[in-house]
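Peer 1: what's the 3D shape of this:
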Amino acid sequence: MRELSSPDFCGVRYDGIVADLYADELSAEWEKFLAKCTLAHIPVFHVKQIRESVTGRVRIEHLSENEFGSLLPSSLYRGFKRVVDFFGALVLVPVLAPVMLATAIAIKRDSPGPVLFVQERMGYRGVPFKVYKFRSMYCDRKGNGYTEGEDDPRITRVGRVIRKYRLDELPQLFNVLKGEMSFIGPRPESLELSAWYEKDVPFFSYRHVVRPGISGWAQVEQGYAAEVDGMTTKLQYDFYYIKHFSLWLDVLIIFKTLKTIITGFGAR
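Peer 2: Numbering: from 1, shown residues only. Take a look at the predicted model:
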C-alpha cells in the first residue's frame with residue numbers, strides 16, 4: 001500500500017484508490033484526478049467503506065444509515081426473516097428435544113437449582129421480554145448482573161461444557177417461536193446493562209431496531225467475551241449488522257456459528 005502525495009501516479013501501476021471523499025482537504029485537482037481514475041477503470045473507494053469491510057464494524061460516534069440511505073432496515077427482508085425463523089424453530093424444537101432433555105438431566109444432577117435460567121432482557125423495539133437459557137451457574141453464589149468471563153467462579157462444571165458448545169442457548173428456540181427473538185441478530189442485553197450502555201452511547205437503543213438473536217455478528221467475530229469488556233467493539237459489530245441487514249450476512253453468520261459450535265471458540 002502506498003500513499004499518494006500528489007494527484008499523479010508517477011508511472012506506478014495501482015489496482016485501486018482509497019480516499020476520504022468528504023474531506024475538506026479534497027481539492028478540485030484531486031477530484032479531477034479521482035474522476036480520471038474511474039474512467040480508466042481504476043476503482044476508487046471511500047475510506048469508510050474499506051474500513052468497515054476490513055474490520056466488519058462501523059464507528060459509533062453517530063448513527064449510520066444503511067446502503068439505501070435509511071436508518072430503517074429492509075422491511076421486506078425483515079418479514080421474510082420472521083417467516084424463516086418461525087418455521088425453522090418449529091422444525092428444530094422436536095429434532096433437538098433429545099439433546100435438550102439430556103442437557104436438562106445433566107444440569108439437574110450437577111448442582112441444585114432449576115434447569116432453566118430466566119432473565120428479563122431488552123428486546124425488539126425496546127420492549128423487555130423474558131429470555132430462556134439452560135442454567136450454567138450455581139444458584140447460591142453471588143456476583144454481578146453479568147458474566148465475568150470464562151473464569152467466572154459461579155459457572156458449574158456442566159455449565160462450562162454447555163456454554164462452550166452453545167447448548168445453553170437452545171431454550172431460546174421458544175423465544176424465536178414467540179417472535180421475541182430471531183436466529184440471527186444482536187444478542188439481547190439485560191435491562192441493567194442496557195441502561196449502563198445507554199449512558200455512554202446515547203443511541204445504544206438503535207440496536208433494538210431488529211430482533212435480538214441467538215447468535216450474531218459480534219459473537220462470531222469477537223467471541224462471547226465478558227459483557228462489560230470491549231463494549232464499544234461489540235456495539236460496532238452490532239451496528240455493522242444492522243447497517244448491512246441482509247440474507248447474505250445472515251447466511252455468513254450461520255456458517256460462522258456452526259464453526260464456532262464445533263471449535264468452541266469464544267466460550268464464556
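Peer 1: skipping adjacent residues, who's closest to residue 118 in space?
Peer 2: residue 130 (5.3 Å; CB to CB, 6 or more residues apart in numbering). No exception for glycine: its C-beta is placed from N, CA and C like everyone else's.
Peer 1: residues touching that neighbour, list them.
Peer 2: Neighbouring residues of residue 130 by CB atoms under 8 Å, 6 or more residues apart in numbering: 118, 119, 120, 121.
Peer 1: next, count neighbours for residue 238.
Peer 2: Other residues lying near residue 238 total 25 when counted by other CB atoms under 10 Å.
Peer 1: what's the neighbour count on the closest residue to it other than its chain neighbours?
Peer 2: In space, and not counting its chain neighbours, residue 238 is closest to residue 186: 4.2 Å by CB to CB, 6+ apart. Each residue near residue 186 was counted by other CB under 10 Å, and the total is 24.
Peer 1: one more: residue 126?
Peer 2: Neighbours of residue 126 using other CB under 10 Å come to 12.
Peer 1: distance check, it against residue 254.
Peer 2: Taking CB to CB, to the nearest Å as the criterion, residue 126 is separated from residue 254 by 26 Å.
Peer 1: any regions of the stretch 51-200 of the chain where pLDDT drops low?
Peer 2: Within the stretch 51-200 of the chain, the stretches with pLDDT under 70 are 54, 59-71, 141-151.
Peer 1: all helices in it, in order from the N-terminus.
Peer 2: 75-110, 157-164, 172-177, 191-200 (DSSP state H, counting those that start in this stretch).
Peer 1: can you pull the buried residues of the second one?
Peer 2: Judged by neighbour count using 16 or more other CB atoms under 10 Å, the buried positions of helix 157-164 are 158, 159, 161, 162, 163, 164.
Peer 1: which strands or helices does it pack on?
Peer 2: On a contact count with 3 or more CB pairs under 8 Å, 6 or more residues apart in numbering; DSSP states H and E, helix 157-164 meets helix 75-110.
Peer 1: okay, the angle between the helix it packs on and helix 157-164?
Peer 2: 160 degrees (axes from the mean of the first three to the mean of the last three CA atoms, to 10 degrees).
Peer 1: remind me what helix 75-110 packs against, helices and strands.
Peer 2: strand 128-134, helix 157-164, helix 172-177, strand 182-184, helix 247-263.
Peer 1: could those be laid out in a markdown table, adding distance to residue 81?
Peer 2: Formatted as a markdown table, the helices and strands packed on helix 75-110 follow (distance: least, CB to CB, whole Å):
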| stretch | distance to residue 81 |
| --- | --- |
| strand 128-134 | 18 |
| helix 157-164 | 26 |
| helix 172-177 | 11 |
| strand 182-184 | 6 |
| helix 247-263 | 7 |
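Peer 1: closest one to residue 106 among those?
Peer 2: helix 157-164 (5.0 Å; CB to CB).
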